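Student: sequence first, predicted coordinates after that:
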Amino acid sequence: MSLDREAYQRVRRAARTHREELVVRLCGEAGLRPAEQARVRPGDLFEHHSGHLLAVFDTGRAGENSPEPARETALPAEVARDLRQYAASNGLGDDEPLFSVSARRLSMLLGEVVDRTAGVDASATDLRRQFAARLLDDGVPPETVVELGGWERLDSLAPLLADPERDDLIAAVSGAGGADSEPQGGVTAGLTTALLDATADLADTLGDADRQEAVATTACERLAGVDGVRFAWAAERVGDTVTLQAVAGAAERTVRRQLDNHREAVEAAVGEGETRTVEGANGTMTLAPIGAGDAAGLLALGTALPDDTAADAVAAVAGQVGHALTAVERKRLLLADAVVELDFRCPASASVVADLSAALDCRVELSGVVPVDDGSLLYYLDVEGSGAEAVVTRADAADGVDDARVLAEYGDGATVEVVVTDTPAIALLDAGGRIHSLVATDGTATLTGELAGDADVRAAVGAVTEIHPAVDLLAKRRTDHPAETATGFRERLSGRLSDRQATVLRAAYRAGYFEWPRDSTAEELADSVGVSSPTLHNHLRKAEGKLLTAFFEQLPSREADR
């Protein structure tokens, strides 16, 4: 959810301990992720002139071989004082961890504080976003906010800029300010607002699109329809060339001439991910990247905005269009009758799964994966041939891993959850693919992904190998992937539920047991179906488990008869 300042202050007041309040403030007033907080040491805080800076690390530190900090962020004086007081009261040295718990535990701690805050449902990501929104609202330049919060690109702030509740924030981003700029400021702010409003509208409009060309066409038509925009066009990289996808507000031959005349700016956008503003015969034109790698494209707008403001606004718009393009690819993949399967070979240097198999001489298989809103993935790994403690210890120390914990331990194996932030699977998902399987033995992992049958395979492969050069494509094949109908899903599920489980699940749904607040209590529901409350919970738990298993994965035959 979106947090305003008042809601954030209520979250702060819900903290019951010094540690809870410090964790909340480091996230909400300094922009630190839980994983970054887990690496903070008291000695990372230092004074600079009249302010306080904190060195922020994105990798673990062991012994004396400490890496360079990923960034430095400013701390409000009160937060800096709280940090020092907390370290002193706990007897911590400069080189000791500020918090002696994992990043996952810090995330859970934040969740516990939020749960105690009436009317607020927020995550660490939401706290960081209100941190960014507050700075933007106060007139801090977007590029400075990006640096303070550790975002990779300006368009990471696009959801904040596009939020219709933040008109003042949009005006701040527009660059209007100071007495000398007042006459132009209103026009600038109005145009920036209109662009971002069009972007917000695009997100809804493009939800039903089933082709990337439709996304590009709709985006350009809507943007070119904004007062103050002369034209809009989108292009994509196809091999070594850049090909037009859509044009609005200008003749196609004019746009092709622009492509020829501004090759350097085009290459900067497509090849290097940079936003450029150039001068043309008909005024300024801003080019911003869409996507990355071989899947890269660009969006170009002709506006009357100042250079810096145009770059920020068009980058934000391009980010939204890029998200829509990726969403379309994923939707097409889910509905496709045929898919392309890709097998990638990942060495230990590029995959924590492969690293575990090499270091612990074990077999590791991905049983499930869940994308998290901060861009990381939750890996659920089944390990054969190694104890749980060794797996978690090795995973925690690996690059690209934020946290690891044991879910189950059995004989010479275990099931663990690993929070992964750098892996070939993320690049494949960002390219519109889906993870089919991931298995590692003897230091090599085989990642099998799926793309829609008519997807740009070369672009997807390039998106993976450009970020992870050590990864190789082993095989490519086309296979049938029939979509399951709703009726088929119900029939498959009904064959696995016992009569009593089906009865209890149906009665609970119809009686409003799953509503909040509930329309029926467990005791009332048990009385209605003629069973005891413990028996009801037993049947309901098993039915829910089979329902979720049928939805998320194929149910093993040995579990179907339970």
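Tutor: Perfect, thanks for sending it.
Student: tell me how far the helix or strand hosting Asp260 lies from the chain's centre.
Tutor: Following DSSP states H and E, one finds Asp260 within helix 252-261. Helix 252-261 has its C-alpha centroid displaced from the chain centroid by 35 Å (Cα atoms, centre = their mean, to the nearest Å).
Student: ranges for the helices of the stretch 401-550 of the chain?
Tutor: 424-430, 457-467, 486-494, 499-510, 522-529, 533-552 (DSSP state H, counting those that start in this stretch).
Student: would you turn those helices into CSV with mean pLDDT and mean neighbour count?
Tutor: From N, CA and C alone the C-beta is placed, and that goes for glycine too. CSV is the format used below for the helices of the stretch 401-550 of the chain (pLDDT from 0 to 100; neighbours: other Cβ atoms under 10 Å):
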stretch, mean pLDDT, mean neighbour count
helix 424-430, 89, 23
helix 457-467, 87, 21
helix 486-494, 72, 11
helix 499-510, 84, 17
helix 522-529, 82, 16
helix 533-552, 86, 16
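Student: domain ranges for this protein?
Tutor: The record's domain parsing of the chain by automatic domain parsing lists 5-151, 156-333, 338-480, 486-560.
Student: any idea which of these has the lowest pLDDT on average?
Tutor: Sorting these by mean pLDDT places domain 156-333 lowest, at a mean of 70.
Student: quick one, strands of the stretch 101-250 of the chain?
Tutor: Assigned by DSSP state E, counting those that start in this stretch, the stretch 101-250 of the chain shows strands spanning 229-238, 241-248.
Student: actually the stretch 251-400 of the chain, not the one I typed
Tutor: Using DSSP E, counting those that start in this stretch, strands in the stretch 251-400 of the chain cover 276-280, 283-290, 297-303, 338-347, 363-371, 377-384.
Student: distance to Arg405 and mean neighbour count added to these, as CSV?
Tutor: Formatted as CSV, these follow (distance: least, Cβ to Cβ, whole Å; neighbours: other Cβ atoms under 10 Å):
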stretch, distance to Arg405, mean neighbour count
strand 276-280, 45, 17
strand 283-290, 37, 24
strand 297-303, 39, 26
strand 338-347, 23, 20
strand 363-371, 14, 17
strand 377-384, 11, 20
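Student: so which of those strands is nearest Glu21?
Tutor: Closest to Glu21 of these, according to Cβ to Cβ: strand 377-384, at 27.6 Å.
Student: thinking Asp396 is in contact with Ala404, fair?
Tutor: Yes - between Asp396 and Ala404 there is a contact at 5.1 Å, judged by Cβ atoms under 8 Å.
Student: of the two, which one has the most company?
Tutor: Taking other Cβ atoms under 10 Å, Asp396 and Ala404 do not tie; Ala404 has more neighbours (26 against 17).
Student: for the more buried one, give the beta-bridge partners.
Tutor: Beta-bridge pairing of Ala404 under DSSP bridges involves Val418.
Student: can you check the one 10 residues further on too?
Tutor: Using DSSP bridges, the bridge partners assigned to Ala414 are Val383, Glu409.
Student: again, but for Ala234
Tutor: Here Ala234, judged by DSSP bridges, has bridge partners Ala246, Leu299.
Student: that one: what's it in contact with?
Tutor: Ala216, Ala219, Cys220, Leu244, Gln245, Ala246, Ile290, Gly297, Leu298, Leu299, Ala300, Val321 (Cβ atoms under 8 Å, 6 or more residues apart in numbering).
Student: contacts only, for the spatially most central residue of the chain.
Tutor: Of all residues in the chain, the one closest to the mean position by Cα atoms, centre = their mean is Gly375, 3.0 Å from it. By Cβ under 8 Å, 6+ apart, the contact list for Gly375 reads Thr421, Ile426.
Student: roughly how far apart are it and Ala318?
Tutor: 18 Å (Cβ to Cβ, to the nearest Å).
Student: likewise for Lys546?
Tutor: Distance of Lys546 to Ala318, computed by Cβ to Cβ: 44 Å.
Student: before we move on, back to that, closest to Leu305 out of the helices of the stretch 401-550 of the chain?
Tutor: helix 424-430 (28.9 Å).
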